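Visitor: This is the structure alone, sequence omitted:
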């Protein structure tokens, strides 16, 4: 994927170009490797979750650590939220009603709710669909410390999906914008991805 990451605020987003690759294996985990920025101010590193642990590791110019987190219950719970959210974006078959996934009705006919579990972790997500069945946006309450107080708590997260293309029989979005506080006035889409290629490994 290519696109932009916002390193600032809603008022001053500070978007920087990014290029990334991701391995996504919901509900078990993901590895996202990224390079963002230009010139001498380049950020590189990875987010990930696998085998019951999670991490965030980013460096400036490949040498100076600027983000170093993970290996605790709060970070793991937040990372599982990301796994579920991106499953709704990029791996819809992972949300079939099996292997710890169940679906619930909502009060609105154009929305559905899925509950995904993995061990002691559980995440609920709502997906809004168009008349042709295409997902329009998704939202969920994520465990996060992305707030002014830097406190771990539940808060809205979500994103919009557009520019659908066919990848090996799956119709998936290639334009995904997402961020914290989705559905509120504080929403800031710090993640603006443009998917270039999707591959499904043969099991």
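Guide: Yep, it's here. Nothing here was measured: the structure is a model prediction, and the numbers come from that model.
Visitor: Now do stretch 141-156: distance from first to last residue.
Guide: Start-to-end span of stretch 141-156 (C-alpha to C-alpha, to the nearest Å) is 5 Å.
Visitor: next one: it to chain centre, how far?
Guide: Its chain's C-alpha centre lies 15 Å from the corresponding centre of stretch 141-156 when counted by C-alpha atoms, centre = their mean, to the nearest Å.
Visitor: For it, give me every contacting residue.
Guide: Applying C-beta atoms under 8 Å, 6 or more residues apart in numbering, the contact partners of stretch 141-156 are 74, 77-78, 81-82, 85, 123-124, 139-140, 157, 180-184, 187. For every residue, glycine as well, the C-beta is placed using N, CA and C.
Visitor: What's the local residue count around residue 25?
Guide: 15 (other C-beta atoms under 10 Å).
Visitor: where does it sit relative to residue 46, distance-wise?
Guide: Between residue 25 and residue 46 the computed distance is 15 Å (C-beta to C-beta, to the nearest Å).
Visitor: now swap in residue 128 and tell me
Guide: Using C-beta to C-beta, we find residue 128 at a distance of 30 Å from residue 46.
Visitor: Same question for residue 99.
Guide: Distance check for residue 99 against residue 46: by C-beta to C-beta, it reads 26 Å.
Visitor: The two: which is more packed in?
Guide: Using other C-beta under 10 Å, the more surrounded residue of residue 99 and residue 46 is residue 46, with 16 against 11.
Visitor: where does that one land in three-state SS?
Guide: Judged by DSSP: H, G, I helix; E, B strand; the rest coil, the three-state class of residue 46 is strand.
Visitor: Give me the phi and psi for residue 77.
Guide: Per-residue torsions, residue 77: phi -60, psi -40 (degrees, to the nearest 10).
Visitor: next one: residue 87
Guide: Per degrees, to the nearest 10, the backbone of residue 87 is at phi -60, psi -40.
Visitor: just residue 187 next, same as before
Guide: With angles defined as degrees, to the nearest 10, residue 187 sits at phi -60, psi 130.
Visitor: For the nearest residue to residue 17 once chain neighbours are set aside, list each beta-bridge partner.
Guide: With C-beta to C-beta, 6 or more residues apart in numbering as the measure, residue 4 is the residue that lies nearest to residue 17, at 6.0 Å, once sequence neighbours are left out. Applying DSSP bridges to residue 4 yields these beta-bridge partners: residue 17, residue 192.
Visitor: same check, this time on residue 176
Guide: So, taking DSSP bridges as the rule, residue 176 has residue 161, residue 193 as bridge partners.
Visitor: so how many other residues sit close to it?
Guide: 25.
Visitor: again with the one 3 residues further on
Guide: Around residue 179 sit 20 other residues, with neighbours defined as other C-beta under 10 Å.
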